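Asks: build the 3D model from these lines:
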Amino acid sequence: MELRDLLIEGLAILLFVAAGIGVLIYLHSRELL
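Replies: Numbers count the residues shown, from 1 in each chain. Here you go, the predicted model:
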């Protein structure tokens, strides 16, 4: 396993988690408004 592959995988996971959190916050803010 190369370091670059690990970095890309880490970035992909980070983006996935960030997208999930963003959707949760978006839905939550819509309910509050």
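
Asks: any idea how far Leu27 is from Gly20?
Replies: Taking CB to CB, to the nearest Å as the measure, Gly20 and Leu27 are separated by 11 Å. Any C-beta I mention is one placed from the backbone N, CA and C, and that applies to glycine too.

Asks: pLDDT wise, what is Met1 at?
Replies: As predicted, Met1 sits at a pLDDT of 70.

Asks: measure how buried it is and give me the count.
Replies: Around Met1 sit 6 other residues, with neighbours defined as other CB atoms under 10 Å.

Asks: can you map out the helices along the protein?
Replies: For the chain, the helices defined by DSSP state H cover 3-32.

Asks: so where is it shaky, pLDDT-wise?
Replies: Applying pLDDT under 70 to the predicted model, the residue ranges of the chain that meet it are 33.

Asks: on that earlier part again, shared neighbours, Gly20 and Leu27?
Replies: In the contact map built from CB atoms under 8 Å, 6 or more residues apart in numbering, no residue is linked to both Gly20 and Leu27.

Asks: from Leu11, how far off is Asp5?
Replies: Following CB to CB, the distance that separates Asp5 from Leu11 is 11 Å.

Asks: same question for Ala18.
Replies: Counting by CB to CB, the gap between Ala18 and Leu11 amounts to 10 Å.

Asks: kind regards, and thank you for your time.
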